[in-house]
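S.K.: build me a model:
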Amino acid sequence: MLDSLLNDGWDYHDRESERLAGELEAEAGSVHDAELGPFLHLANHTLGEHLADWPRARRLAEKVLEGRTPKPETSLAWLRLAVARLMEGDATAAISAELAGLAAANDPLAALIEARFWLCAALVGSKRAPQAAQIYAQALALADRIGEAAPARAVAVASNNLAAELVEAAHRTPAEDALMDRAADAAHVYWLRCGNWVNEELALQLKAQVALALDRPHAALELADAALKVIAANGKRPIDSAFLHLARSRASAAVGDADSRHRELALADAAAKDAPNEDLKAWYAEERAKAIR
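M.R.: The predicted structure follows:
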């Protein structure tokens, strides 16, 4: 039951968050050591970020960890608890959990950096991007400094989420523009270290969106084209292809190429028709309407 919940829960965690929260709480007493990390990751994300109930996320993490002693292979679970406590506002208890986890970790510095990026992701997921920005740049500098020892997936996810949040913002300061640009670049760099071709093309797509937001249409054209080439070389991603052609249409309009604008829009529409469900088609229609205003 728990194995399937941890695998399948991500498929509906955003649409049926309350359902999943109840299911996770029901399984709190049956979590084995090897499942602690995935369980608390899903729990914090669902209860804390989607339901905006960090006290509930904290209680669940504490229940799961009750009676356990941190070990090298489970040490990061205490850092997940630390994030939940910190997001709730209990800094003292958060630091206590963090220190317990770090004391057991094989590489305390890498573990600490990973926890900082989890915190950035939690802040962004809780619509607190300005606070995430306060620690993101320093955490990224530290991750870059330790090189291959850095927790690539945590850096990639937090960077991706921060850039995606900022690119959708109605207004940004010059400092936020620079942060968005840096986060999108970091997401691409770190996804190349730990992800697959889908992560690569999505990172390029995000960079194209950022380029458009920063009024760099020529760069957006090149980035969208690079992402389309990744898809063509590996498989099919209809909705991603649609968004990439839509980005190229917007960029073509920005450089005054009306023919390319219309051609890319037609290619986007054609790709969107192959999207696997109606929700994705509706999402494309919304974005298309924004693009042609």
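
S.K.: check what pLDDT M1 gets.
M.R.: M1 carries a pLDDT value of 78.

S.K.: grab the nearest non-local neighbour of it.
M.R.: E27 (6.8 Å; C-beta to C-beta, 6 or more residues apart in numbering). For the C-beta atoms, the positions are set from N, CA and C on the backbone; glycine is no exception.

S.K.: is it true that the one you found touches L5?
M.R.: Yes. Using C-beta atoms under 8 Å, E27 is in contact with L5, at 6.3 Å.

S.K.: just to revisit the earlier point, ok, now which ones touch the residue nearest to M1?
M.R.: By C-beta atoms under 8 Å, 6 or more residues apart in numbering, E27 lies in contact with 1-2, 5, 39.

S.K.: same list (the residues you listed) but as JSON lines, adding secondary structure and neighbour count.
M.R.: Output for the contacts of E27, formatted as JSON lines (DSSP: H, G, I helix; E, B strand; the rest coil; neighbours: other C-beta atoms under 10 Å):
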{"residue": "M1", "secondary structure": "coil", "neighbour count": "9"}
{"residue": "L2", "secondary structure": "helix", "neighbour count": "18"}
{"residue": "L5", "secondary structure": "helix", "neighbour count": "18"}
{"residue": "F39", "secondary structure": "helix", "neighbour count": "25"}
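
S.K.: how much space separates the residue nearest to M1 from E168?
M.R.: 34 Å (C-beta to C-beta, to the nearest Å).

S.K.: closest to I231 out of the contacts of E27?
M.R.: Distance to I231 across the contacts of E27 (C-beta to C-beta) is lowest for L5, with 31.6 Å.

S.K.: nearest spatial neighbour of that closest one, chain-adjacent residues omitted?
M.R.: In space, L5 is closest to E23, 5.8 Å off (C-beta to C-beta, 6+ apart).

S.K.: give the other helices and strands that the helix or strand encompassing the one you found contacts.
M.R.: For E23, the element it lies in under DSSP states H and E is helix 17-26. Using 3 or more C-beta pairs under 8 Å, 6 or more residues apart in numbering; DSSP states H and E as the contact test, the elements touching helix 17-26 are helix 2-12, helix 36-43, helix 54-65.

S.K.: can you show me the helices along the stretch 151-293 of the chain?
M.R.: All helices of the stretch 151-293 of the chain, identified by DSSP state H, counting those that start in this stretch, fall at 152-167, 174-194, 197-213, 217-234, 238-254, 258-272, 278-291.

S.K.: buried ones in the strand or helix carrying L142?
M.R.: Assessed by DSSP H and E, L142 sits inside helix 129-146. By 16 or more other C-beta atoms under 10 Å, the buried positions in helix 129-146 come out as 129, 132-133, 136, 139-140, 143.

S.K.: what packs against that helix?
M.R.: Against helix 129-146 (3+ C-beta pairs under 8 Å, 6+ apart) you get helix 108-125, helix 152-167, helix 174-194.

S.K.: from W10, how far out is the residue nearest to Q131 when sequence neighbours are not counted?
M.R.: Nearest non-adjacent residue to Q131, counting by C-beta to C-beta, 6+ apart: L123, 5.0 Å away. Using C-beta to C-beta, L123 is found at 20 Å from W10.

S.K.: neighbour-wise, which of the two wins?
M.R.: Of the pair L123 and W10, L123 is the one with more neighbours under other C-beta atoms under 10 Å, namely 26 against 15.

S.K.: report pLDDT for that one.
M.R.: Reading off the model, L123 has pLDDT 93.

S.K.: any idea how far it is from L140?
M.R.: Computed as C-beta to C-beta, the L123 to L140 distance reads 14 Å.

S.K.: and if you look at A282?
M.R.: 35 Å.

S.K.: contacting residues for G101?
M.R.: 70, 75-79, 81-82, 111, 115.

S.K.: go with 6 Å
M.R.: Neighbouring residues of G101 by C-beta atoms under 6 Å, 6 or more residues apart in numbering: 70, 75, 78-79.

S.K.: so where's this structure uncertain?
M.R.: For the chain, no stretch is flagged by pLDDT under 70.

S.K.: where do the domain boundaries of it fall?
M.R.: Listed by automatic domain parsing, the domain ranges of the chain are 1-106, 108-195, 217-293.
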